[in-house]
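K.L.:
What follows is a protein structure lacking sequence information:
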């Protein structure tokens with residue numbers, strides 16, 4: 001074990017411990033692993049000082065006594081130190097994916113507690129890194145700490161656990177996907193974006209309906225839920241690429257601004273956030289710069305600045321020019337999904353042609369394909 005890092009050793013110990021523990025489990029009792037990465041939901045207020053303390057699962061149980069009513073085996077793993085959502089990096093996505101992969105055969109479902117600011121990025125990344133996923137990975141959080149009287153964290157946590165453990169009449173997981181649950185809605189993780197900094201309705205999936213809605217009952221939309229290919233195994237991927245930049249089009253955009261992008265070292269992919277259905281100003285110098293990047297082998301992806309709708313570059317001349325300059329259609333993908341998909345594809349050592357093909361492929365339900373390529 002001398003060659004293992006501290007966190008790898010912790011993961012190994014966790015896996016061994018829980019593998020041994022499952023020997024005494026009732027096989028009819030699902031087991032859930034809660035992974036606390038950080039964020040508001042896991043902060044517990046000291047009643048005497050008012051200070052917020054880091055996640056401790058035993059204290060957590062005291063604040064959420066309803067956990068005892070679940071007929072489940074629930075274990076927890078906490079990042080130490082916790083990661084603030086704003087500090088979440090691709091290396092942390094790798095760590096979460098490794099924890100899930102290492103314990104995939106031990107647990108029936110996973111609930112990831114996460115800060116809200118980058119939750120949609122993490123959910124999107126995990127949807128690509130956990131290939132042919134056959135078990136629920138439900139990511140949730142809160143706008144108020146779990147110990148606050150009006151916290152939204154308690155309901156989000158309890159419902160996420162229930163969804164992670166839910167099975168259909170055939171004994172199969174109800175939602176074997178990476179999802180985000182927030183304020184009564186279960187959404188596909190790579191379709192989700194944060195839309196509210198204060199309200200409990202912090203997330204929305206504008207271009208794909210909810211997979212489930214929690215009211216008096218949890219009503220699942222089975223026709224929308226992805227299922228694994230039974231002929232293929234679950235696979236995890238831990239390599240992510242870098243060298244991605246986001247260019248937002250705006251009125252009055254200057255050549256000097258784009259020149260900064262052109263001169264970036266190690267630039268491998270450029271996401272262009274365009275107007276409407278994928279349109280940009282008809283500036284010859286802008287198209288020249290994009291063609292130059294395309295010739296250099298840089299991948300150009302066109303996504304819309306609109307929350308709802310899709311890119312259709314054939315629709316107007318202002319979009320067709322980008323297609324002719326080498327940009328690939330990002331369809332109705334979110335920024336979070338497009339960023340993490342590119343990181344995933346760049347990390348797999350694919351050629352540019354292979355990446356362009358996969359960008360026009362729905363790998364994990366992240367885009368709605370149209371007739372336009």
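P.N.:
Arrived safely. Because the structure is a prediction, the values reported are computed rather than measured. Numbering: from 1, shown residues only.
K.L.:
Every contact and neighbour count from this point should use C-alpha atoms.
P.N.:
Will do.
K.L.:
Tell me, how many residues neighbour residue 369?
P.N.:
Counted by other C-alpha atoms under 10 Å, the residues lying close to residue 369 total 17.
K.L.:
So the residue lying closest to it once chain neighbours are set aside, which state does it fall into?
P.N.:
Closest residue to residue 369 apart from its sequence neighbours, by C-alpha to C-alpha, 6 or more residues apart in numbering: residue 331 at 6.8 Å. Secondary structure for residue 331, judged by DSSP: H, G, I helix; E, B strand; the rest coil, is coil.
K.L.:
Find me the pLDDT at residue 331, would you?
P.N.:
As predicted, residue 331 sits at a pLDDT of 97.
K.L.:
I'd assumed residue 312 was in contact with it.
P.N.:
Yes: between residue 331 and residue 312 there is a contact at 7.3 Å, judged by C-alpha atoms under 8 Å.
K.L.:
Count the residues that sit near the residue nearest to residue 369.
P.N.:
27.
K.L.:
tell me the contacts of it?
P.N.:
By C-alpha atoms under 8 Å, 6 or more residues apart in numbering, residue 331 lies in contact with 302-303, 310-312, 367-370.
K.L.:
Buried subset of those as a PyMOL selection?
P.N.:
The PyMOL command for the buried members of the contacts of residue 331 (criterion: 16 or more other C-alpha atoms under 10 Å) is given here:
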select buried, resi 302+303+310+311+312+367+369
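K.L.:
Surely residue 204 and residue 192 touch.
P.N.:
Yes: the pair residue 204 / residue 192 is scored as a contact, 5.6 Å apart, by C-alpha under 8 Å.
K.L.:
Quick check on these two: which one has the bigger neighbour count.
P.N.:
More crowded of residue 204 and residue 192, by other C-alpha under 10 Å: residue 192, with 29 against 24.
K.L.:
mind listing what that one touches?
P.N.:
Under the criterion of C-alpha under 8 Å, 6+ apart, the contact list for residue 192 reads 120, 180, 203-206, 334.
K.L.:
mind putting those residues in TSV, secondary structure and distance to residue 266 included?
P.N.:
Formatted as TSV, the contacts of residue 192 follow (DSSP: H, G, I helix; E, B strand; the rest coil; distance: C-alpha to C-alpha, whole Å):
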residue	secondary structure	distance to residue 266
120	helix	26
180	strand	33
203	strand	33
204	strand	34
205	coil	33
206	coil	33
334	coil	24
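K.L.:
Let me have the residues you listed in TSV, adding distance to residue 349 as columns.
P.N.:
Below are those laid out as TSV (distance: C-alpha to C-alpha, whole Å):
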residue	distance to residue 349
120	25
180	29
203	33
204	33
205	30
206	32
334	23
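K.L.:
for the stretch 201-350 of the chain, what spans make up the helices?
P.N.:
Secondary structure of the stretch 201-350 of the chain by DSSP state H, counting those that start in this stretch: the helices cover 255-262, 284-295, 317-324, 335-346.
K.L.:
still on that earlier bit, so which of the contacts of residue 331 are in strands?
P.N.:
Among the contacts of residue 331, the members falling in strands (DSSP state E) are 302-303.
K.L.:
out of the contacts of residue 331, which one sits closest to residue 82?
P.N.:
Closest approach to residue 82 among those (C-alpha to C-alpha): residue 367, at 31.8 Å.
K.L.:
how far away is residue 296 from residue 241?
P.N.:
18 Å (C-alpha to C-alpha, to the nearest Å).
K.L.:
just residue 207 next, same as before
P.N.:
In terms of C-alpha to C-alpha, residue 207 sits 27 Å off from residue 241.
K.L.:
what about residue 240, how many neighbours?
P.N.:
Other residues near residue 240 come to 21 when the count uses other C-alpha under 10 Å.
K.L.:
ok, it - contacts?
P.N.:
Taking C-alpha under 8 Å, 6+ apart, we find residue 240 in contact with 90, 343-348.
K.L.:
are any of those residues buried, and which?
P.N.:
Buried subset of these (neighbour count, 16+ other C-alpha under 10 Å): 90, 343-346.
K.L.:
So which of those is the closest to residue 227?
P.N.:
Out of the buried ones among the contacts of residue 240, the member with the shortest distance to residue 227 (by C-alpha to C-alpha) is residue 344, at 20.9 Å.
K.L.:
Need the nearest residue in space to the closest one, chain neighbours excluded.
P.N.:
Nearest residue to residue 344, sequence neighbours excluded (C-alpha to C-alpha, 6+ apart): residue 240, at 5.0 Å.
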